[in-house]
Structure formats: C-alpha cells, structure tokens
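A.B. asks: pasted the sequence and its predicted model underneath.
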Amino acid sequence: MIRRLFTGFVLLGCTALAHAAFDIDQLMAELARNPGGHAKFVEKRHLALLDKPVVATGEMFYNAPDRLEKRTHTPKAETMVLYKDTLSLERDRRKLQIQLGQRPEVAAFVESIRSTLQGNRATLEANYRLALTGSLDAWVLTLVPTEPRIATLLQRITVSGVRQQVLGIDYLQADGDRTEMRIEPVKAP
C-alpha cells in the first residue's frame, strides 16, 4: 500500500516537473520549426464606439521566415503583405507601402507577430516583456510593451497555440479597444 502511494506521488511529481519545465526557449524552438502554411481566420474588433464587434474573415499565408500575408474577404476586401522590411496594404484599389525601418512603432508591432511565428525571442524581447503559461499542447504567450511609444498604443498582445501552431492572437489597445483573432490551419490536400 505504501509502495503504491509512494509510486503515485513520484509519478505525480514527474508529471508536474514535465509541465513546469516548459519554458519560452522551448516554445521558441518549437515555433522556429514551423515552415509556414495556410490558415483561415475570424477576427472580432471590439470598439468602444460600436455596440457590436466588427467581424472580419479571411485567410493567412506564412512562408518562413519572413513573408506573412493576410487576405481579408469580409466585410471588405483587403490584402496586407509583410515581406522582409516592407508592409504593403491594398484596399479599394488603393495601395500603400510602409518601410518598417522608417516607422519603428509599426515595426515593433508587426515584429511581435512575425517574430513569434519565427520563434525569435531576441527580437520579441527588444520591445516586449514575455510571459508564458501552459504546456506545449496548450500555451499562452503574453507580450507586454516595454518600449514607451508602443505602450501608448498597446497594453498587451496575447498569442495562444498548440505546439508550433499559433491559433489565437488577441490585442488589447491602450484605449481599451480590443481585437480577437482565431486561426484555423488549413490542411494540405
């Protein structure tokens, strides 16, 4: 009886240590192994001025390490492409390009997502304090701005996922508005 009880405690302790051992370095290594892919998204923007959230749907494409494309289909078509240091936006036949080197606050915001997808801890820590909870099978990474210019716009970014898949990205702006994005990977045929 005592042997079974002791064995149970040992197994419980090993399980707890295995979960406690999951850290940011392990998550970053796992994310860095993701070659990219195609996903659908649903994004809800909760704005103080509106009674109901604005819902957008579309698809995303990520090609590691430095190309991310977001195509919004509804409510209005829009394409955003991040390639290396250039962010391109297209909406209503109007095009805009932003060189990230010329807009450090935009670069820091954009890099929060790209660097997470890349598993690039150093770039994330240049502008954010990182906090990780969960396990490899259900993790939540919270990014809190340390750069004052970003902090005036953004309270935090919360990224969640399973293993090397990012499944959710939530933004809480400094003014209280928030955006929730849910991501569903599309399986290759």
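C.D. replies: Great, that's in hand.

A.B. asks: where's the residue minimising distance to the centre of the chain relative to D85, distance?
C.D. replies: In the chain, the centroid-proximal residue (C-alpha atoms, centre = their mean) is V159; its distance is 4.1 Å. Using C-beta to C-beta, to the nearest Å, V159 is found at 22 Å from D85. Where C-beta positions appear, they are placed from N, C-alpha and C, glycine not excepted.

A.B. asks: just I24 next, same as before
C.D. replies: Separation of I24 from D85 (C-beta to C-beta): 25 Å.

A.B. asks: returning to what we had before: surely the residue nearest to the centre of the chain touches L143?
C.D. replies: Yes - V159 is within contact range of L143, at 7.1 Å (criterion: C-beta atoms under 8 Å).

A.B. asks: need the overlap of contacts for the two.
C.D. replies: T116 (C-beta atoms under 8 Å, 6 or more residues apart in numbering).

A.B. asks: this protein: helices as residue ranges?
C.D. replies: If DSSP state H is used as the criterion, the helices of the chain fall at 2-20, 24-32, 104-118, 121-125, 148-151.

A.B. asks: about what we covered before: what sits closest to the residue nearest to the centre of the chain if chain neighbours are left out?
C.D. replies: L141 (4.7 Å; C-beta to C-beta, 6 or more residues apart in numbering).

A.B. asks: and that neighbour, how many residues sit next to it?
C.D. replies: Here the count is done by other C-beta atoms under 10 Å, and L141 has 22 residues near it.

A.B. asks: and if you look at the one 3 residues further on?
C.D. replies: Burial of V144, expressed as a neighbour count using other C-beta under 10 Å, amounts to 17.

A.B. asks: and for the one 4 residues further on?
C.D. replies: As a burial measure, P148 scores 8 neighbours (other C-beta under 10 Å).

A.B. asks: E105 versus that one, what's the distance?
C.D. replies: 10 Å.

A.B. asks: could you do R93 as well?
C.D. replies: From R93 to E105 the distance is 27 Å (C-beta to C-beta).

A.B. asks: which of these two has more neighbours?
C.D. replies: The neighbour count for R93 versus E105, taken as other C-beta under 10 Å, is higher for E105 (16 against 6).
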